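J.: how would this look folded up:
(3 chains)
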Amino acid sequence: MKPPAFEYVAPSDLDEALAALAADPGEARPLAGGQSLVPMLTFRLAAPAILVDLNGVSELAGIHERADGGLSIGAMTRQRVLERDPRVAARAPLLAETAPWIAHAQIRTRGTIGGSVAHADPAAELPAVLLALGASVTLAKAGARNADNDDQNGGGFLAREERELPLTEFFLGPFFTALEPEELLTSIEVPGMGEHEGTAFEEVARRRGDYAIVGAAAWIRLDAGGVCEDVALSLVNAGPTPCLWVGAADALRGRPVTADSLAVAAEAAANECEPAADMHGSEAYRRHLVRVLAERTLARAAERARRPDEREGSA
Amino acid sequence: MSRAGSHLVGASVLRREDPRLLTGQALFVDDVEPAGTLHLAFVRSNVPHARITGLDIEAARRHAGVAAVYTADDLGELCAPGPVLVPPPPIEGLVFHARTPLPLARDRVRHQGEAIAVVVASSRYVAEDAAELVQVDLETLDAVVDLDRALDPEAPLVHDDLDSNLAAHARQMKGDYAAARAEADHVVARTLRYDRGVAAAIENRGVVADWDAREGRLTVWDTTQAPIPIRNALAGLLGLGESQVRVIAPFIGGGFGPKIMFYAEELLVPWISMRLGRPAKWIEDRYENFFATTQERGQTHESELALAADGTILGVRDRFVHDSGAYDPYGLTVPINSQCTLLGPYRVPSYESEFRVVFTHKPIVTPVRGAGRQHGVWIMERLLDAAAREMGLDRVEIRARNLLAPDEFPHDHEILYQDSASLTYDSGNYAPLLQEAARRIGHDGFDAERENARAEGRRLGLGIVSYVEGTGIGPYEGARVTVEPGGAVSVATGVGTQGQGHFTAFAQVVAAQIGVDPGRVRIVTGDTSEFHWGTGTFASRGAVVAGSAMHAAALRVREKILTLASEALEVSPTDLELANGVARVRGAPDVSIALGELARRANPLRGAVKPGTEPGLEATAYFGPASGATAAGVHALVVEVDPDTCQVEILRYVVVHDCGTLINPMIVEGQIHGGVALGIGNAFYEELVFDEEGGMTNASFMDYLLPTATEVPDIETAHFETPSPLNPLGTKGVGEAGAIPVAAAFAQAVEDALSDDAPDLEILDMPLGPGKLFELLRETGGLGLEARDESAATEAAATRPVRGDARSPREGEQ
Amino acid sequence: METGVAVTVNGRAHERRVEPRLLLSDFLRHELGLTGTHVGCEHGVCGACTVLLDGEPVRACLLFAVQANGHEVTTVEGLADIDQGALDTDGVPDLLHPVQRAFHQTHALQCGFCTPGILMTTIAFLAGNPAPTRGEIREALSGHLCRCTGYQNIVEGVARAAELLACGDARVFGRPEAGDAHGSDPASGSPA
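T.: A predicted model of the protein is given here:
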């Protein structure tokens, strides 16, 4: 199971990387953590002509604290960092809680948050979790070619073009996103969490570290009286595209959080999701698990929203 | 057996092979790469059944770095069906159609992964590139996928020259089942299934061959469990003398059965080396391993157990279909093991067992750890559980009531075993095993434990089953023991080693007789130049058969030592003892002579020797048991079933077993742990999934799930030793024991955990999984799981706006 | 088209020109001759190829050799102290790393094929968690497939390694214990 041949480019800054993608759009493919891409090559399911290795572009890694209490996370930030960095635990505890569920430590050493989001696997944890957090992404590409300035940095490209997109507009289908062929995802913007907000994640997998049979990520904000002001529920591996499931949210929004209202919300999630049967479970089994996990994660998120000191999810 | 050094047998000596393995210095086949090695990649069928209508290798041949591309047409006489490795036993009325694969397919492919062409190139990378350029035109044909449909009149034929897909039909009987059934107070009948899995040794297969034309010598490194038969076959097929061929099985990364075969690659790699005059190398990749390496077996059983009112077994009738895959090179070993092992440790007066083996368009089935024994245990233990439930008997009690008593040995079951001898249990004492297992798992107090857990919302269940394992069969093995002038001892034997600790256990056996530290005993296994008589490592026989041969050889060396030492020290041999590498006078240890010195004296360079003298301190001995030795055991476990997710966790696991004399308890326990892990895999995690056309859909470790450290619990083991009278060590095999009864125990425990919530739940098919358990519970209405109202789901799918955005996520999708 | 790679492996610098698609696992094994790192699946699941990249465990089969350019790799061959200790008559380093000693003591290996990867993960794991619980050990090992041992003795080995590391200097050396047997190579037939 050896990969097919490709050309290799190892840029040292972002503009170089964008220029490489712009020079051969569609032929050039970014290499981030490689934990999903390399097996595709060894199974010869993909044969990109050019790989642009982002691992040397240090400006793509790094976590910055935002003024709104959130985080700006560089796309090449390793999943291991999400697990260990105290800023993540403090400002985006859902990420810290979820990271240990992603495969195994050896995969998380290399796997990146940007790579996972750009890969848009509906069975992956990070897309779902970031949706629940209301995150958005920054996409960048090289600017139009400036024929008059061939000897500028970037080989004659104008300043890069950037755009920000909420994740709800980013995932378009299974393994399909709004990324244009010459675009790179450069950062993930995670808004800050306010008072009376809580999050929770849970998945059911065959073995520790496996893809989830089904998973759920919940975010909730309560008012002072414990009534749900706003809520978001996303699911792992319960539909063809990473997305939010509004039926559950609509059922809970504006209502006091009780066992009954949680059960109604979970039932709504189980009905509206679109799980596909596979060797690990039938559609009915997955809907059943969705109901169980939606209820559990919404309940736990609400519990944490009530007790901010326990908001930090245990890794 | 001599008492000198006998403390070594039964000691948990740490393994001498460890430092080499731990430091990455151990040689595995893929580590071998002589200068100039060419690399092979095979072009394999990606469909289960097809006619080859076109094959164009030109583009591949011309690819840069390619030395050659071969197809069936290049093989000449070698393009012939491979040998049947194990002729079936002489069962009366046996029908057996042997069909074995060609080294490269011609005209037809009969299973996914069957090799059609082979590319030889400068690297595996290049070979795979060129393999993609080979144009194979396959006309896809309908495939037989379901073993239960293989004998349907309209089923496509796997082998056109046969009338049907029947590969074999055998019936073995004792007593009179019809009469037993007629007088029975209770009869339970069930249809039971146990399906395929792969051995998945972490090291894939591989062959390196180096033909030296000047010396006329072929050296082959091969991940085989049986280098001697490979050597013999290669010599025969390639027109070489056996002494011109050396097959080396170095360190092997796990065998488990499928590395004991004669595969096409084992012939083709040497042939290519001879043809091209360069070393040739093929290393299987994991994807190939799912198709090109043999695997475990599917069986469907229609079974019946006839009992008296007190739970005494009167008779068993079992009719089953066994899936052999596309060919049957390993004869009937697996179904016969199922047939024989079903009898278990029980008294079964009447037995009627009939099986049909069928061809299907699936990869070939040959023994994998357990080798069909688990199917026999699955049937008997499930039938006993069903009977216990229906008759209101305790499941330990019904087993205890039927166990053979210690005075019933040797016990002849009157049917033939895989070694063509009558199935006879040599020795055993079964009741204490069951009692001890029940005690350790907490059987007596378990009802209370289950109730307490239930009050906390937890579902706990207990499973306890018993089994026997036929081990240590012939035909024979041999060993040569030599004391070297330096005082070290070297031993050679024909079996191979795949992690069972032979280098240590065998050293203990020899050291016990010769009176040296096991660290001074150097064992060579798996090299046909060092020892070239024997059959190989399989069927839990290494320690029994090779170990016994070593013991015999060591004894003869011991006699030589004593004779020579008595002459040298001028005392009677009976006044001598061997210890610490010397022969010394008992009671006057200063009067001694080193073994190395004796070895030197035994090999004079000048002078005369007495006629009939053999030089050196060396002896070769062979051991061939009259029949196999029967080990036995009981597995017990406690599981917790999550009522919300249907996940199952094993909380405690106990193995009580009896494999006769233990040579190295630490190694034995390790073998049991590994076997149980495999059993857990087959029970709840491992499943080969085929689509309707017969294509395997989960040929990778991402979707074929081996249990890991978080799925396998701590396993408590207890040993009983009922020696075997069949060999001087009194030992029995244990390599497969851990894997054999796990599924039966697991199923019983899960049913027990859900007995209140789902009293009608019966697990009759393996493997299980949380999704399957969920479906079973829905079918039986267990846990309040009703079929959900799917209409609500359909309605909700109609609109799906998302937070902060009224656009459906479907927009923008291509 | 070949690309340059300069990588330090077990403290020694290497420079080569290789195809970009050459996997790090193949580079280590066949380019550098360090065959202790084994290949079991080539899709990142079995863990046999695990090495340390700048001290962190990674799957060598999911990295291209060129990606190791400028980095430090540690493989199983870098554990036993070859420089300080003598080699025994068969060329096996006499002084084992505490993790290796611990695995030997607890019978944490049978065929040994998955073992090097597990050793590397264990070293990184214990560096970050020097006194782990059994449950944490099992979780740390869950990224490795072993078909021989059933994991129990490996868990014991990791626990024992934690003890050995805790009770001595950072690297505790010593011969395998009395009653152990030194490993002279049982399997002959190694090529030149």
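J.: so what's residue 44 up against?
T.: Reading this off chain A. A:Met1, A:Pro3, A:Pro4, B:Glu128, B:Glu132 (C-beta atoms under 8 Å, 6 or more residues apart in numbering or on different chains). Every residue, glycine included, has its C-beta placed from N, CA and C.
J.: hm, I was asking about chain B
T.: B:Arg44 neighbours (C-beta under 8 Å, 6+ apart): B:Gln112, B:Gly113, B:Glu114, B:Ala115, B:Ile116, B:Glu288, B:Phe291, B:Ala292.
J.: ok, now how distant is B:Thr661 from B:Pro728?
T.: 10 Å (C-beta to C-beta, to the nearest Å).
J.: contacts only, for the residue most central in space within chain B.
T.: The centre of chain B sits closest to B:Arg369, judged by C-alpha atoms, centre = their mean, with a distance of 2.2 Å. Contacts of B:Arg369 were listed using C-beta under 8 Å, 6+ apart, and they are B:Ala199, B:Phe256, B:Gly257, B:Gly675, B:Leu678, B:Gly735, B:Glu736, B:Ala739.
J.: restricting to C-alpha, output the helix or strand that contains the fourth one in PDB.
T.: It stands for B:Gly675. Of the helices and strands defined by DSSP states H and E, B:Gly675 is found in helix B:665-680. Extracted C-alpha coordinates of helix B:665-680, given in PDB (Å, rounded to 0.1, in the frame of the first residue of the first chain):
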ATOM      1  CA  PRO B 665       3.500 -20.800  33.800                       C
ATOM      2  CA  MET B 666       4.200 -17.300  32.700                       C
ATOM      3  CA  ILE B 667       4.300 -18.200  29.000                       C
ATOM      4  CA  VAL B 668       1.200 -20.400  29.400                       C
ATOM      5  CA  GLU B 669      -0.800 -17.500  30.900                       C
ATOM      6  CA  GLY B 670       0.400 -15.200  28.200                       C
ATOM      7  CA  GLN B 671      -1.000 -17.600  25.600                       C
ATOM      8  CA  ILE B 672      -4.300 -17.700  27.400                       C
ATOM      9  CA  HIS B 673      -4.500 -14.000  27.600                       C
ATOM     10  CA  GLY B 674      -3.900 -13.700  23.900                       C
ATOM     11  CA  GLY B 675      -6.400 -16.400  23.100                       C
ATOM     12  CA  VAL B 676      -9.100 -14.800  25.200                       C
ATOM     13  CA  ALA B 677      -8.500 -11.400  23.500                       C
ATOM     14  CA  LEU B 678      -9.100 -13.100  20.100                       C
ATOM     15  CA  GLY B 679     -12.200 -14.700  21.400                       C
ATOM     16  CA  ILE B 680     -13.500 -11.400  22.700                       C
END
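J.: that helix and chain A, are they touching?
T.: No - using C-beta under 8 Å from any C-beta of the partner chain, helix B:665-680 never reaches chain A; the gap is at least 11.1 Å.
J.: which positions within that helix qualify as buried?
T.: Across helix B:665-680, burial judged by 16 or more other C-beta atoms under 10 Å in any protein chain shown covers B:666-680.
J.: and the gap between the closest residue in space to C:Gly78 that isn't next to it in sequence and C:Thr74?
T.: Using C-beta to C-beta, 6 or more residues apart in numbering or on different chains and skipping residues adjacent in sequence, the residue nearest C:Gly78 is C:Asn10, 3.2 Å away. C:Asn10 sits 6 Å away from C:Thr74, going by C-beta to C-beta.
J.: would you work out how far apart the start and end of stretch B:621-639 are?
T.: Chord length of stretch B:621-639, first to last residue, is 48 Å (C-alpha to C-alpha, to the nearest Å).
J.: where does chain C have low pLDDT?
T.: Applying pLDDT under 70 to chain C picks out residues C:82-94, C:169-192.
J.: cool, thanks, signing off.
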